[in-house]
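Undergrad: can't give you the sequence, but here's the structure:
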């Protein structure tokens, strides 16, 4: 009888030990996931593809869009990312009086500044300065060839640098789809 009590106690301890190991593994998994969530954006920004391949849509691909109401002067900005690295060239529309209140229009996917072609003249006629960038990868902006080069932080960084370049600190934001992120 004593050996069966010992055996059942040993089995009980074994189940408790297995439960503790599983609990520890679950906690470790959760902690590692939290670390991944925190470090992943930084990792992508700093260690993404070292030599990203960038392509540029030829201007002749946009021939005839003026007939559809897209009659805006193209503007481009090359943004220095530091350490000799440049982001792809960003295209943006900048119409209206430079001293006027600013309306910043951000497109979603798969759109580009063409989306706002009918709104820009209305805002300009009302006295607004209208800025409509094409996010990298869209419209007249350059495009990375590998999807790993795209991330939320890159788009935010480029938008911040564009606004700094244009000396814009106050604006009314008009967003479509994930342009509002």
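TA: The structure has been received and is ready for your questions. Because the structure is a prediction, the values reported are computed rather than measured.
Undergrad: give me the number of residues near residue 108?
TA: 16 (other C-beta atoms under 10 Å). Bear in mind the C-beta positions are built from the backbone N, C-alpha and C, glycine included.
Undergrad: what secondary structure does it sit in?
TA: When classified by DSSP: H, G, I helix; E, B strand; the rest coil, residue 108 comes out as coil.
Undergrad: Strands of this protein, residue ranges please.
TA: 54-55, 75-77, 80-82, 85-86, 90-95, 102-106, 129-133, 143-144, 172-175 (DSSP state E).
Undergrad: I'd like the ones you listed laid out as TSV, including distance to residue 31.
TA: Putting the strands of the chain into TSV (distance: least, C-beta to C-beta, whole Å) gives the following:
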stretch	distance to residue 31
strand 54-55	37
strand 75-77	41
strand 80-82	32
strand 85-86	33
strand 90-95	38
strand 102-106	36
strand 129-133	39
strand 143-144	33
strand 172-175	36
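Undergrad: ok, the residue nearest to the spatial centre of the chain to residue 178 distance?
TA: What sits nearest the mean C-alpha location of the chain, by C-alpha atoms, centre = their mean, is residue 152, with 2.6 Å. With distances taken as C-beta to C-beta, to the nearest Å, residue 152 is found 9 Å from residue 178.
Undergrad: same check, this time on residue 108
TA: Applying C-beta to C-beta to residue 108 and residue 178 gives a distance of 5 Å.
Undergrad: What of residue 106?
TA: Residue 106 is 9 Å from residue 178, by C-beta to C-beta.
Undergrad: who has more neighbours, these two?
TA: With neighbours defined as other C-beta under 10 Å, residue 106 and residue 178 compare such that residue 106 has more, 23 against 14.
Undergrad: Nearest residue to that one in space, please, no chain neighbours.
TA: Spatial nearest neighbour of residue 106, excluding adjacent residues (C-beta to C-beta, 6 or more residues apart in numbering): residue 179 at 3.2 Å.
Undergrad: And for residue 133?
TA: Once flanking residues are discounted, residue 133 sits nearest to residue 92: 4.1 Å by C-beta to C-beta, 6+ apart.
Undergrad: From what I see, the one you found and residue 130 are in contact.
TA: No. Contact criterion C-beta atoms under 8 Å: residue 92 and residue 130 do not qualify, at 10.2 Å.
Undergrad: Between those two, point out the one with more neighbours.
TA: residue 130 (25 against 22).
Undergrad: I'd say residue 114 and residue 138 touch.
TA: No. Applying C-beta under 8 Å, one finds residue 114 not in contact with residue 138, separated by 9.5 Å.
Undergrad: tell me which residues in stretch 154-162 are buried?
TA: For stretch 154-162, a neighbour-count test (16 or more other C-beta atoms under 10 Å) marks 154, 155, 158, 159, 161, 162 as buried.
Undergrad: so who does the third one touch?
TA: For residue 158, the contacting residues are 79, 87, 90, 135, 136, taking C-beta atoms under 8 Å, 6 or more residues apart in numbering as the criterion.
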